[in-house]
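here is a sequence together with a model predicted from it:
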Amino acid sequence: MNTTLNDVVVHLNESVDETTLDELEQGIRKDQGVVSVGHQANRNHLIMVVYDSEVARASNLLHNFRERGLHAQLIGM
């Protein structure tokens, strides 16, 4: 099995509380190709997503954030 991992930082325009952020991360983890999701407590507007680029694209990940009603941008690839 050959896995190509990439990571991207997603910037959220909205301010979300820790509970909402945890729920968001749990949902993102279920998205196709996502390997890991996390954030730092003092930077809850930035979310790091590690994904398998053989299965998912960064643009699809961003679309998934937007489908959840969030305004977001990719800031690191």
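Arrived safely. Numbers count the residues shown, from 1 in each chain.

what residues are up against H71?
12-14 (CB atoms under 8 Å, 6 or more residues apart in numbering). Every C-beta, even on glycine, is put in place using the N, C-alpha and C of the backbone.

and what of D7?
By CB under 8 Å, 6+ apart, D7 lies in contact with 48-51, 76.

tell me which of the contacts of H71 is nearest to V37?
L12 (12.6 Å; CB to CB).

need the contact list for that closest one.
Per CB under 8 Å, 6+ apart, neighbours of L12: 44-47, 65, 70-72.

try 6 Å this time
Contacts for L12 (CB atoms under 6 Å, 6 or more residues apart in numbering) come out as 45, 70, 72.

out of those residues, grab the one that's most surrounded.
Among those, the one with the most neighbours (other CB atoms under 10 Å) is A72, at 19 neighbours.

roughly how far does that residue sit from L46?
10 Å (CB to CB, to the nearest Å).
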